[in-house]
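1. Give me a model of this one.
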Amino acid sequence: MFFHRRRRRGSSPTAFTSLPDDEDMLREILLRLPPQPSSLPRASAVCKCWRRLVTDPKFIARFRTHHRKRPLLGVFQHDIVFTPIMDPPDRIPPRRFYLRICDGRGYLGAQLLGCRHGRVLAIDQVQAEVVFFDPITGEQRRLPVPLPPGFQIRYLNGAVLCAAGDQGHVHGSCHSSPFKVVLVFMDSPDGRPRACAYSSEIGMWGDLISAEAPSPVSSGGSASILIGNVLY
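-> Numbering: from 1, shown residues only. Alright, predicted model coming up:
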């Protein structure tokens, strides 16, 4: 004997459950999306509600704090050209982070000094300027090099770092934060390197500091390393 259960009118074999209307719960779900460049833009395309949630500055701040380790988008080579390393749809085109350092004259005399905290530092030896560049915002600043007497500009090293002192600040989203540029001048007449630092908060270079003893290193170009609060 077979029994046939009548299906209620309007029902379907597979009932889909909609997402909860509770926005607090939805925020917690969206907060756990992977920190890839395409995650939030694709989520914002779902509906107006999602777009409003994921574009809220408070949510973006929580998203950055939750994903403290940022994905590596790519690297800048010594010719100051961005090389992406991620696959589509997260791959960033090299032209997106193009650094026009010599105003159409080509890259003659330009040298990459380093990248840190989402910023790029290069030196334009032709103009005797260091170039600070934020690839995300496109901001670019040129700072005249305070070259000490007797030093040559090709014998220097430099680094850029975030100077934010906010409690809980997460490096990687430092686009509106103050920054510092540190330059070390090598190959001095007395063999002792000199160093100075630029602060964006006061907009000027500090005093030159001289090493106490001569250094056997006479050339720049080596990458700097930041360990804790000490720059090597």
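2. Helix or strand with the lowest mean pLDDT in this protein?
-> Least confident helix or strand of the chain, by mean pLDDT, DSSP states H and E, is strand 226-227 with a mean of 68.
3. Next, find the distance separating the residue nearest the centre of the chain from residue 154.
-> Central residue of the chain (Cα atoms, centre = their mean): residue 118, 1.3 Å from the mean position. Between residue 118 and residue 154 the computed distance is 27 Å (Cβ to Cβ, to the nearest Å). C-beta coordinates here come from the backbone N, C-alpha and C atoms, glycine included.
4. Repeat that for residue 54.
-> Taking Cβ to Cβ, one finds residue 54 at 47 Å from residue 154.
5. Looking at these two now, which is surrounded by more residues?
-> Between residue 54 and residue 154, residue 54 has the larger neighbour count (other Cβ atoms under 10 Å), namely 23 against 14.
6. From what I see, the more buried one and residue 45 are in contact.
-> No - counting by Cβ atoms under 8 Å, residue 54 stays clear of residue 45, with 9.9 Å between them.
7. shaky segments in the protein?
-> Scanning the chain for pLDDT under 70 picks out the ranges 1-21, 100-109, 150, 165-176, 213-222, 226-229, 231-232.
8. so where do the strands sit in it?
-> Listed in chain order, the strands of the chain (DSSP state E) span residues 74-76, 82-84, 110-116, 119-124, 129-133, 140-144, 156-162, 179-185, 194-199, 204-205, 209-210, 226-227, 230-231.
9. which secondary structure elements does the fifth one contact?
-> Counting contacts by 3 or more Cβ pairs under 8 Å, 6 or more residues apart in numbering; DSSP states H and E, the secondary-structure elements packed against strand 129-133 are strand 119-124, strand 140-144, strand 179-185.
10. contact partners of stretch 53-72?
-> 23, 26-27, 30-37, 40, 43-44, 85-86, 90, 168, 170, 172-173 (Cβ atoms under 8 Å, 6 or more residues apart in numbering).
11. give me the number of residues near residue 155?
-> The tally of other residues near residue 155 (other Cβ under 10 Å) stands at 17.
12. Do a quick rundown of the helices in this protein.
-> With helices called from DSSP state H, the chain shows them at 23-31, 39-44, 48-54, 57-66.
13. Buried by neighbour count: which residues of the second one qualify?
-> Within helix 39-44, the residues that qualify as buried are 39-40, 43-44, counting by 16 or more other Cβ atoms under 10 Å.
14. Repeat that for the first one.
-> Of all the residues in helix 23-31, those buried under the rule 16+ other Cβ under 10 Å are 26-27, 30.
15. Would you mind confirming that the residue nearest to the centre of the chain is in contact with residue 139?
-> No - if you go by Cβ under 8 Å, residue 118 and residue 139 don't touch, sitting 11.0 Å apart.
16. Out of the buried residues of helix 23-31, which is nearest to residue 147?
-> residue 30 (50.3 Å; Cβ to Cβ).
17. Spit out the contact partners of the closest one.
-> Applying Cβ under 8 Å, 6+ apart, the residues contacting residue 30 are 43, 50, 53-54, 59, 63.
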